[in-house]
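Engineer: this is a predicted model, with the sequence first.
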Amino acid sequence: MRLFSLPPRSARRASFGLAGRFALVVSALSLLSGCDFNFWRMDGPQSTIDVAGPVAHSQLQVFYTTVWVTLTIFVLVAAVLTYATFKFRARSDADEHAEPPEQSHGNPLVELGLIGASVLALVIIAVPTLRGIWFTYDVPEAEKENAYHVTAQGYQWWFRFEYNNEQIENVGQLTTSNELVIPAGRPVRIDLRGMDVIHSFWVPRLAGKVDMIPNRANHLWLKADEPGYFWGQCAEYCGDSHAVMRFRVIALAPREFNEWLEQQTSAARAVQAVAGAEQTKAQFASYRTDWKRNEAGYDPNFDLNPLENWKQKQFPEKNENPALVAKGRELFQAKTCFSCHVVRGHFVGGSAAYPDLTHFGSRTTVGAGLLENNSEQLARWLRHPNEVKPGNKMWTEGYQKNNIHLTEDDIGALVAYLESLK
Ligand code: CUA
(Lines give C-alpha, C1' and ligand atoms only; values in the text may rest on other atoms or scores of the structure.)
Protein backbone atom coordinates (compact mmCIF):
# COMPACT_ATOMS: atom_id res chain seq x y z
CA MET A 1 0.00 0.00 0.00
CA ARG A 2 1.32 3.42 -0.88
CA LEU A 3 1.08 5.82 1.99
CA PHE A 4 2.30 8.92 0.22
CA SER A 5 3.03 10.10 -3.32
CA LEU A 6 6.42 11.42 -4.34
CA PRO A 7 6.70 14.97 -5.66
CA PRO A 8 8.05 15.43 -9.21
CA ARG A 9 11.71 14.60 -9.62
CA SER A 10 13.18 18.10 -9.76
CA ALA A 11 11.36 19.31 -6.67
CA ARG A 12 12.28 16.14 -4.83
CA ARG A 13 15.96 16.69 -5.55
CA ALA A 14 15.76 20.15 -4.09
CA SER A 15 13.82 19.21 -0.97
CA PHE A 16 15.40 15.87 -0.28
CA GLY A 17 19.03 16.72 0.03
CA LEU A 18 21.58 15.48 2.49
CA ALA A 19 19.78 17.13 5.40
CA GLY A 20 16.54 15.37 4.45
CA ARG A 21 18.20 11.99 4.33
CA PHE A 22 19.91 12.58 7.63
CA ALA A 23 16.58 13.54 9.23
CA LEU A 24 14.99 10.39 7.84
CA VAL A 25 17.69 8.15 9.32
CA VAL A 26 17.49 9.89 12.69
CA SER A 27 13.70 9.64 12.85
CA ALA A 28 13.78 5.97 11.79
CA LEU A 29 16.25 5.23 14.59
CA SER A 30 14.22 7.13 17.17
CA LEU A 31 11.10 5.24 16.06
CA LEU A 32 12.92 1.96 16.55
CA SER A 33 14.11 2.91 20.00
CA GLY A 34 10.59 4.15 20.79
CA CYS A 35 9.37 0.55 20.74
CA ASP A 36 11.68 -0.33 23.55
CA PHE A 37 14.75 1.51 24.66
CA ASN A 38 16.73 -1.72 24.66
CA PHE A 39 15.32 -2.90 21.38
CA TRP A 40 18.53 -4.71 20.50
CA ARG A 41 18.30 -6.90 23.60
CA MET A 42 16.87 -10.34 23.00
CA ASP A 43 16.18 -11.61 26.53
CA GLY A 44 12.90 -9.95 27.49
CA PRO A 45 10.20 -11.96 29.31
CA GLN A 46 8.48 -12.69 26.00
CA SER A 47 11.60 -13.45 23.98
CA THR A 48 11.37 -16.14 21.32
CA ILE A 49 15.18 -16.13 21.11
CA ASP A 50 15.83 -16.84 24.80
CA VAL A 51 14.06 -20.20 24.72
CA ALA A 52 13.48 -22.48 27.72
CA GLY A 53 12.04 -25.68 26.29
CA PRO A 54 12.29 -28.11 23.35
CA VAL A 55 9.23 -26.85 21.43
CA ALA A 56 10.33 -23.21 21.43
CA HIS A 57 13.85 -24.42 20.64
CA SER A 58 12.65 -26.28 17.58
CA GLN A 59 10.73 -23.19 16.44
CA LEU A 60 13.86 -21.09 16.96
CA GLN A 61 15.91 -23.48 14.79
CA VAL A 62 13.47 -22.99 11.91
CA PHE A 63 13.76 -19.24 12.36
CA TYR A 64 17.57 -19.33 12.31
CA THR A 65 17.67 -21.59 9.25
CA THR A 66 15.38 -19.17 7.39
CA VAL A 67 17.42 -16.18 8.51
CA TRP A 68 20.72 -17.73 7.36
CA VAL A 69 19.34 -18.77 3.97
CA THR A 70 17.78 -15.37 3.28
CA LEU A 71 20.84 -13.57 4.62
CA THR A 72 23.05 -15.55 2.23
CA ILE A 73 20.77 -14.65 -0.70
CA PHE A 74 20.78 -11.00 0.38
CA VAL A 75 24.57 -10.85 0.60
CA LEU A 76 25.05 -12.57 -2.78
CA VAL A 77 22.54 -10.35 -4.60
CA ALA A 78 23.87 -7.20 -2.93
CA ALA A 79 27.44 -8.15 -3.85
CA VAL A 80 26.57 -8.75 -7.53
CA LEU A 81 24.56 -5.52 -7.63
CA THR A 82 27.37 -3.49 -6.06
CA TYR A 83 29.95 -5.02 -8.38
CA ALA A 84 27.84 -4.28 -11.50
CA THR A 85 27.04 -0.76 -10.33
CA PHE A 86 30.67 0.18 -9.92
CA LYS A 87 32.11 -1.82 -12.79
CA PHE A 88 29.67 -0.47 -15.38
CA ARG A 89 29.19 3.06 -14.12
CA ALA A 90 29.50 6.00 -16.51
CA ARG A 91 33.05 7.29 -16.24
CA SER A 92 32.84 10.20 -18.69
CA ASP A 93 30.39 12.42 -20.52
CA ALA A 94 30.75 10.13 -23.54
CA ASP A 95 29.73 7.14 -21.41
CA GLU A 96 26.61 9.00 -20.32
CA HIS A 97 25.41 9.37 -23.90
CA ALA A 98 26.71 6.09 -25.29
CA GLU A 99 24.37 3.56 -26.88
CA PRO A 100 23.58 0.63 -24.57
CA PRO A 101 25.73 -2.42 -25.30
CA GLU A 102 24.34 -5.37 -27.23
CA GLN A 103 21.67 -7.08 -25.11
CA SER A 104 21.84 -10.82 -24.47
CA HIS A 105 18.71 -12.92 -24.25
CA GLY A 106 19.24 -15.48 -21.60
CA ASN A 107 22.04 -17.81 -20.70
CA PRO A 108 20.80 -21.39 -20.15
CA LEU A 109 23.61 -22.17 -17.76
CA VAL A 110 22.94 -19.13 -15.55
CA GLU A 111 19.18 -19.67 -15.61
CA LEU A 112 19.37 -23.36 -14.77
CA GLY A 113 21.89 -22.54 -12.07
CA LEU A 114 19.56 -19.95 -10.52
CA ILE A 115 16.60 -22.36 -10.62
CA GLY A 116 18.75 -25.04 -9.00
CA ALA A 117 19.98 -22.62 -6.32
CA SER A 118 16.41 -21.48 -5.54
CA VAL A 119 15.22 -25.07 -5.22
CA LEU A 120 18.16 -25.85 -2.98
CA ALA A 121 17.39 -22.82 -0.77
CA LEU A 122 13.75 -23.91 -0.47
CA VAL A 123 14.73 -27.47 0.41
CA ILE A 124 17.14 -26.22 3.08
CA ILE A 125 14.24 -24.27 4.62
CA ALA A 126 11.59 -26.96 4.07
CA VAL A 127 13.36 -29.86 5.78
CA PRO A 128 13.67 -28.31 9.28
CA THR A 129 10.27 -26.65 8.84
CA LEU A 130 8.50 -29.95 8.22
CA ARG A 131 10.47 -31.63 10.98
CA GLY A 132 9.48 -28.75 13.30
CA ILE A 133 5.80 -29.04 12.37
CA TRP A 134 5.75 -32.76 13.17
CA PHE A 135 7.75 -32.32 16.36
CA THR A 136 5.68 -29.46 17.78
CA TYR A 137 2.33 -31.02 16.85
CA ASP A 138 2.12 -33.44 19.76
CA VAL A 139 4.16 -34.95 22.59
CA PRO A 140 6.78 -37.32 21.11
CA GLU A 141 5.76 -41.00 21.26
CA ALA A 142 8.57 -41.89 23.69
CA GLU A 143 7.40 -39.28 26.21
CA LYS A 144 3.63 -39.71 25.85
CA GLU A 145 3.25 -41.85 28.95
CA ASN A 146 4.95 -39.22 31.05
CA ALA A 147 2.89 -36.32 29.68
CA TYR A 148 0.79 -34.15 31.99
CA HIS A 149 -2.64 -33.04 30.70
CA VAL A 150 -4.25 -29.63 31.01
CA THR A 151 -7.08 -27.87 29.19
CA ALA A 152 -6.74 -24.14 28.53
CA GLN A 153 -9.86 -22.12 27.75
CA GLY A 154 -9.79 -18.59 26.38
CA TYR A 155 -12.45 -16.11 27.45
CA GLN A 156 -12.70 -12.36 26.76
CA TRP A 157 -10.16 -11.56 28.29
CA TRP A 158 -8.66 -14.17 30.54
CA PHE A 159 -7.57 -17.79 30.65
CA ARG A 160 -9.05 -20.70 32.56
CA PHE A 161 -6.98 -23.81 33.18
CA GLU A 162 -8.49 -27.19 33.94
CA TYR A 163 -6.36 -29.95 35.41
CA ASN A 164 -7.98 -32.97 33.81
CA ASN A 165 -6.34 -35.51 36.13
CA GLU A 166 -6.86 -33.72 39.43
CA GLN A 167 -10.35 -34.59 40.62
CA ILE A 168 -11.77 -32.96 43.71
CA GLU A 169 -14.52 -34.81 45.52
CA ASN A 170 -18.01 -33.38 44.88
CA VAL A 171 -16.52 -30.61 42.75
CA GLY A 172 -14.88 -32.00 39.62
CA GLN A 173 -11.51 -31.19 38.22
CA LEU A 174 -9.16 -28.63 39.66
CA THR A 175 -9.55 -25.24 37.97
CA THR A 176 -7.31 -22.20 38.13
CA SER A 177 -7.27 -18.89 36.32
CA ASN A 178 -4.55 -16.97 34.50
CA GLU A 179 -1.64 -18.81 36.08
CA LEU A 180 -0.80 -22.23 34.72
CA VAL A 181 1.43 -24.19 37.06
CA ILE A 182 3.19 -27.13 35.41
CA PRO A 183 5.83 -29.69 36.38
CA ALA A 184 9.27 -28.75 34.98
CA GLY A 185 11.09 -31.33 32.88
CA ARG A 186 7.86 -33.09 31.96
CA PRO A 187 5.97 -32.69 28.68
CA VAL A 188 2.61 -30.99 29.12
CA ARG A 189 -0.12 -31.54 26.58
CA ILE A 190 -2.54 -28.61 26.49
CA ASP A 191 -5.96 -28.87 24.89
CA LEU A 192 -7.07 -25.47 23.66
CA ARG A 193 -10.63 -24.15 23.57
CA GLY A 194 -12.08 -20.77 22.64
CA MET A 195 -15.14 -20.12 24.79
CA ASP A 196 -16.52 -17.02 23.04
CA VAL A 197 -14.34 -15.80 20.18
CA ILE A 198 -11.02 -16.93 18.73
CA HIS A 199 -8.02 -16.48 21.01
CA SER A 200 -4.48 -17.78 20.67
CA PHE A 201 -2.24 -19.44 23.22
CA TRP A 202 1.35 -18.26 23.26
CA VAL A 203 4.15 -18.61 25.79
CA PRO A 204 7.02 -17.19 23.72
CA ARG A 205 9.84 -18.83 25.69
CA LEU A 206 8.13 -22.25 25.74
CA ALA A 207 5.80 -22.74 22.78
CA GLY A 208 3.03 -21.37 20.59
CA LYS A 209 1.12 -19.93 18.99
CA VAL A 210 -1.93 -22.12 18.47
CA ASP A 211 -5.42 -20.68 18.09
CA MET A 212 -8.16 -21.37 20.63
CA ILE A 213 -11.22 -21.67 18.42
CA PRO A 214 -14.82 -22.18 19.60
CA ASN A 215 -16.10 -25.66 18.72
CA ARG A 216 -12.75 -26.85 17.49
CA ALA A 217 -10.36 -29.12 19.36
CA ASN A 218 -6.86 -27.70 18.97
CA HIS A 219 -3.89 -28.63 21.12
CA LEU A 220 -0.22 -28.05 21.64
CA TRP A 221 2.48 -29.33 23.91
CA LEU A 222 5.35 -27.74 25.72
CA LYS A 223 8.03 -28.53 28.22
CA ALA A 224 9.98 -26.26 30.53
CA ASP A 225 13.52 -27.62 30.87
CA GLU A 226 14.00 -25.98 34.26
CA PRO A 227 11.73 -24.49 36.92
CA GLY A 228 10.84 -20.95 35.94
CA TYR A 229 8.30 -18.17 35.58
CA PHE A 230 7.16 -17.49 32.03
CA TRP A 231 4.97 -14.85 30.45
CA GLY A 232 2.12 -15.78 28.13
CA GLN A 233 -0.11 -13.68 25.93
CA CYS A 234 -3.20 -14.05 23.77
CA ALA A 235 -1.89 -13.74 20.22
CA GLU A 236 -5.09 -13.35 18.21
CA TYR A 237 -7.08 -10.12 18.14
CA CYS A 238 -10.16 -10.84 20.24
CA GLY A 239 -11.75 -7.50 21.06
CA ASP A 240 -11.19 -4.37 23.17
CA SER A 241 -8.77 -5.76 25.69
CA HIS A 242 -6.92 -8.29 23.54
CA ALA A 243 -3.62 -6.57 24.22
CA VAL A 244 -4.04 -7.02 27.96
CA MET A 245 -5.14 -10.67 27.82
CA ARG A 246 -2.10 -12.22 29.39
CA PHE A 247 -1.20 -15.13 31.62
CA ARG A 248 1.74 -16.77 33.33
CA VAL A 249 3.21 -20.25 33.29
CA ILE A 250 5.01 -21.36 36.42
CA ALA A 251 7.15 -24.48 36.10
CA LEU A 252 8.01 -26.19 39.39
CA ALA A 253 10.30 -29.05 40.35
CA PRO A 254 8.29 -32.30 40.77
CA ARG A 255 8.08 -32.24 44.56
CA GLU A 256 7.05 -28.59 44.70
CA PHE A 257 4.52 -29.23 41.97
CA ASN A 258 2.93 -31.99 44.04
CA GLU A 259 2.83 -29.73 47.07
CA TRP A 260 1.16 -27.07 44.99
CA LEU A 261 -1.44 -29.57 43.76
CA GLU A 262 -2.17 -30.58 47.32
CA GLN A 263 -2.69 -26.98 48.35
CA GLN A 264 -4.84 -26.16 45.32
CA THR A 265 -7.12 -29.18 45.56
CA SER A 266 -7.98 -28.28 49.12
CA ALA A 267 -10.69 -25.69 49.82
CA ALA A 268 -9.95 -22.00 50.31
CA ARG A 269 -8.20 -21.03 53.49
CA ALA A 270 -10.56 -19.72 56.16
CA VAL A 271 -9.42 -16.97 58.49
CA GLN A 272 -11.33 -16.77 61.77
CA ALA A 273 -12.25 -13.30 62.81
CA VAL A 274 -10.85 -12.61 66.26
CA ALA A 275 -13.70 -11.77 68.61
CA GLY A 276 -13.64 -8.14 69.66
CA ALA A 277 -10.83 -7.26 67.32
CA GLU A 278 -10.86 -3.69 66.16
CA GLN A 279 -12.30 -3.13 62.72
CA THR A 280 -9.40 -1.15 61.39
CA LYS A 281 -9.48 0.57 58.07
CA ALA A 282 -7.28 -0.63 55.27
CA GLN A 283 -3.94 1.09 55.45
CA PHE A 284 -2.89 1.94 51.96
CA ALA A 285 -0.06 4.38 52.00
CA SER A 286 -0.42 5.33 48.40
CA TYR A 287 -4.08 5.37 47.55
CA ARG A 288 -4.22 6.70 44.07
CA THR A 289 -7.10 7.57 41.86
CA ASP A 290 -5.14 9.12 39.03
CA TRP A 291 -4.05 5.94 37.32
CA LYS A 292 -3.39 6.23 33.66
CA ARG A 293 -3.84 3.31 31.36
CA ASN A 294 -0.60 1.60 30.40
CA GLU A 295 1.00 2.66 33.61
CA ALA A 296 3.16 -0.20 34.81
CA GLY A 297 1.27 -2.64 37.01
CA TYR A 298 4.46 -4.14 38.40
CA ASP A 299 6.92 -3.33 41.07
CA PRO A 300 10.30 -3.30 39.28
CA ASN A 301 11.66 -5.61 41.97
CA PHE A 302 9.07 -8.24 41.15
CA ASP A 303 10.62 -9.27 37.89
CA LEU A 304 14.11 -9.58 39.31
CA ASN A 305 13.16 -12.95 40.70
CA PRO A 306 9.58 -13.75 39.77
CA LEU A 307 9.74 -17.42 40.72
CA GLU A 308 10.88 -16.57 44.25
CA ASN A 309 8.13 -13.97 44.46
CA TRP A 310 5.63 -16.56 43.28
CA LYS A 311 6.76 -18.95 46.02
CA GLN A 312 6.36 -16.28 48.68
CA LYS A 313 2.80 -15.67 47.49
CA GLN A 314 1.93 -19.23 48.52
CA PHE A 315 2.17 -18.31 52.20
CA PRO A 316 -0.32 -16.22 54.21
CA GLU A 317 0.33 -12.48 54.26
CA LYS A 318 2.44 -11.40 57.19
CA ASN A 319 0.28 -8.55 58.45
CA GLU A 320 -3.09 -10.11 57.90
CA ASN A 321 -5.99 -8.51 59.75
CA PRO A 322 -8.50 -11.29 60.63
CA ALA A 323 -11.35 -8.87 61.33
CA LEU A 324 -10.88 -7.13 58.00
CA VAL A 325 -10.69 -10.49 56.23
CA ALA A 326 -14.00 -11.51 57.82
CA LYS A 327 -15.60 -8.24 56.78
CA GLY A 328 -14.33 -8.78 53.24
CA ARG A 329 -15.85 -12.23 53.19
CA GLU A 330 -19.23 -10.77 54.14
CA LEU A 331 -18.90 -8.11 51.46
CA PHE A 332 -18.01 -10.75 48.87
CA GLN A 333 -21.52 -12.05 49.45
CA ALA A 334 -23.30 -8.74 50.05
CA LYS A 335 -21.90 -7.18 46.88
CA THR A 336 -22.86 -10.32 44.87
CA CYS A 337 -19.26 -11.16 43.90
CA PHE A 338 -20.07 -14.78 44.77
CA SER A 339 -22.71 -15.03 42.05
CA CYS A 340 -19.92 -15.06 39.43
CA HIS A 341 -16.79 -16.24 41.28
CA VAL A 342 -16.37 -19.59 43.00
CA VAL A 343 -14.34 -19.68 46.23
CA ARG A 344 -14.34 -23.40 46.96
CA GLY A 345 -15.22 -23.98 50.61
CA HIS A 346 -16.69 -20.49 51.00
CA PHE A 347 -18.97 -19.75 48.03
CA VAL A 348 -20.08 -22.23 45.41
CA GLY A 349 -22.67 -20.20 43.50
CA GLY A 350 -20.26 -18.96 40.83
CA SER A 351 -20.08 -19.82 37.18
CA ALA A 352 -17.39 -21.49 35.08
CA ALA A 353 -17.49 -18.48 32.79
CA TYR A 354 -15.73 -16.36 35.42
CA PRO A 355 -12.38 -16.82 37.15
CA ASP A 356 -12.29 -19.28 40.06
CA LEU A 357 -10.87 -17.39 43.04
CA THR A 358 -10.40 -20.30 45.46
CA HIS A 359 -6.67 -19.68 45.84
CA PHE A 360 -6.56 -16.17 44.43
CA GLY A 361 -4.12 -14.94 47.09
CA SER A 362 -1.49 -17.41 45.92
CA ARG A 363 -1.36 -15.95 42.39
CA THR A 364 1.09 -13.28 41.37
CA THR A 365 -1.16 -11.42 38.98
CA VAL A 366 -4.54 -9.68 38.85
CA GLY A 367 -6.66 -9.06 35.76
CA ALA A 368 -5.16 -11.87 33.63
CA GLY A 369 -1.47 -11.22 34.04
CA LEU A 370 -1.86 -7.47 33.83
CA LEU A 371 -1.17 -6.21 37.34
CA GLU A 372 0.93 -7.57 40.15
CA ASN A 373 -1.21 -9.19 42.81
CA ASN A 374 -0.56 -6.90 45.75
CA SER A 375 -2.96 -4.80 47.85
CA GLU A 376 -2.33 -1.63 45.91
CA GLN A 377 -2.88 -3.09 42.45
CA LEU A 378 -5.81 -5.25 43.56
CA ALA A 379 -7.49 -2.16 45.03
CA ARG A 380 -6.91 -0.38 41.74
CA TRP A 381 -8.60 -3.25 39.90
CA LEU A 382 -11.58 -3.41 42.29
CA ARG A 383 -12.03 0.34 42.27
CA HIS A 384 -12.52 0.61 38.54
CA PRO A 385 -11.96 -2.56 36.53
CA ASN A 386 -12.95 -0.82 33.32
CA GLU A 387 -10.11 1.66 33.58
CA VAL A 388 -7.65 -1.19 33.85
CA LYS A 389 -9.20 -3.47 31.26
CA PRO A 390 -11.79 -1.74 29.06
CA GLY A 391 -14.95 -3.73 28.33
CA ASN A 392 -14.30 -6.54 30.81
CA LYS A 393 -17.27 -8.51 32.15
CA MET A 394 -16.61 -7.77 35.80
CA TRP A 395 -17.47 -4.21 34.87
CA THR A 396 -20.27 -4.70 32.32
CA GLU A 397 -21.96 -7.81 33.77
CA GLY A 398 -21.05 -7.20 37.39
CA TYR A 399 -20.64 -3.59 38.52
CA GLN A 400 -22.94 -2.04 35.94
CA LYS A 401 -25.74 -4.62 35.82
CA ASN A 402 -25.86 -5.19 39.56
CA ASN A 403 -25.27 -1.55 40.38
CA ILE A 404 -22.28 -2.31 42.58
CA HIS A 405 -20.68 0.57 44.39
CA LEU A 406 -17.66 0.04 46.60
CA THR A 407 -16.40 2.54 49.14
CA GLU A 408 -12.70 2.72 49.91
CA ASP A 409 -13.41 0.79 53.14
CA ASP A 410 -15.23 -1.92 51.16
CA ILE A 411 -12.29 -2.18 48.80
CA GLY A 412 -9.85 -2.45 51.70
CA ALA A 413 -11.86 -5.31 53.22
CA LEU A 414 -12.29 -7.14 49.91
CA VAL A 415 -8.57 -6.85 49.25
CA ALA A 416 -7.81 -8.33 52.66
CA TYR A 417 -10.23 -11.21 52.07
CA LEU A 418 -8.99 -11.98 48.55
CA GLU A 419 -5.34 -11.84 49.60
CA SER A 420 -6.11 -14.30 52.42
CA LEU A 421 -7.23 -16.96 49.89
CA LYS A 422 -4.09 -19.06 49.76
CU1 CUA B 1 -7.82 -13.27 23.46
CU2 CUA B 1 -6.64 -11.82 22.05
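Structural biologist: In hand now; what should we look at?
Engineer: mind listing what T265 touches?
Structural biologist: 166, 168, 174 (C-beta atoms under 8 Å, 6 or more residues apart in numbering). Using the backbone N, CA and C atoms, a C-beta is placed for each residue, glycine as well.
Engineer: how far away is it from G345?
Structural biologist: 11 Å (C-beta to C-beta, to the nearest Å).
Engineer: in whichever helix in the chain runs longest, what's buried?
Structural biologist: Secondary structure assigned by DSSP state H gives helix 54-87 as the longest helix of the chain. Judged by neighbour count (16 or more other C-beta atoms under 10 Å), helix 54-87 contains these buried residues: 54-62, 65, 69.
Engineer: cool, and stretch 328-341?
Structural biologist: 328-329, 331-332, 335-338, 340-341.
Engineer: helix, strand, or coil at V210?
Structural biologist: Following DSSP: H, G, I helix; E, B strand; the rest coil, V210 is assigned to strand.
Engineer: for it, give the beta-bridge partners.
Structural biologist: As for beta bridges, V210 partners with F201 under DSSP bridges.
Engineer: looks like it contacts H219 (just checking).
Structural biologist: Yes - in this structure, V210 is within contact of H219 by C-beta atoms under 8 Å, at 7.3 Å.
Engineer: shared neighbours, the two?
Structural biologist: With C-beta under 8 Å, 6+ apart, V210 and H219 have common neighbours L192.
Engineer: more crowded one of these two?
Structural biologist: V210 (20 against 17; other C-beta atoms under 10 Å).
Engineer: avg pLDDT for the longest helix of the chain?
Structural biologist: Mean pLDDT, helix 54-87: 95.
Engineer: helix or strand right after it?
Structural biologist: helix 93-96 (DSSP states H and E).
Engineer: what does the longest strand belonging to the chain contact?
Structural biologist: Ordering each strand of the chain by length in residues (DSSP state E) puts strand 158-168 first. Applying C-beta under 8 Å, 6+ apart, the contact partners of strand 158-168 are 148-153, 173-180, 195, 201, 232, 234, 245, 247, 261, 264-265, 344, 352, 355-356, 367-368.
Engineer: point to the residue nearest the middle of this protein.
Structural biologist: Geometric centre of the chain, nearest residue: Q233, 2.0 Å, by C-alpha atoms, centre = their mean.
Engineer: so how far is the helix or strand hosting it off the chain centroid?
Structural biologist: Here Q233 sits within strand 228-234, counting by DSSP H and E. Put simply, strand 228-234 sits 5 Å off its chain's centre (C-alpha atoms, centre = their mean, to the nearest Å).
Engineer: and stretch 349-361, by the same measure?
Structural biologist: Mean-position distance between stretch 349-361 and its chain equals 21 Å (C-alpha atoms, centre = their mean).
Engineer: start and end of it, how far apart?
Structural biologist: The distance separating the two terminal residues of stretch 349-361, taken as C-alpha to C-alpha, to the nearest Å, comes to 20 Å.
Engineer: mind showing which ranges of the stretch 1-150 of the chain have poor pLDDT?
Structural biologist: 1-41 (pLDDT under 70).
Engineer: hang on, the earlier thing: among the contacts of T265, which one has the most neighbours?
Structural biologist: Of these, with other C-beta under 10 Å as the count, L174 tops at 21 neighbours.
Engineer: in a strand, that's where that residue is, yeah?
Structural biologist: Yes - L174: assigned to a strand according to three-state DSSP.
Engineer: surely it and Q264 touch.
Structural biologist: Yes - counting by C-beta under 8 Å, L174 does reach Q264; the two are 5.8 Å apart.
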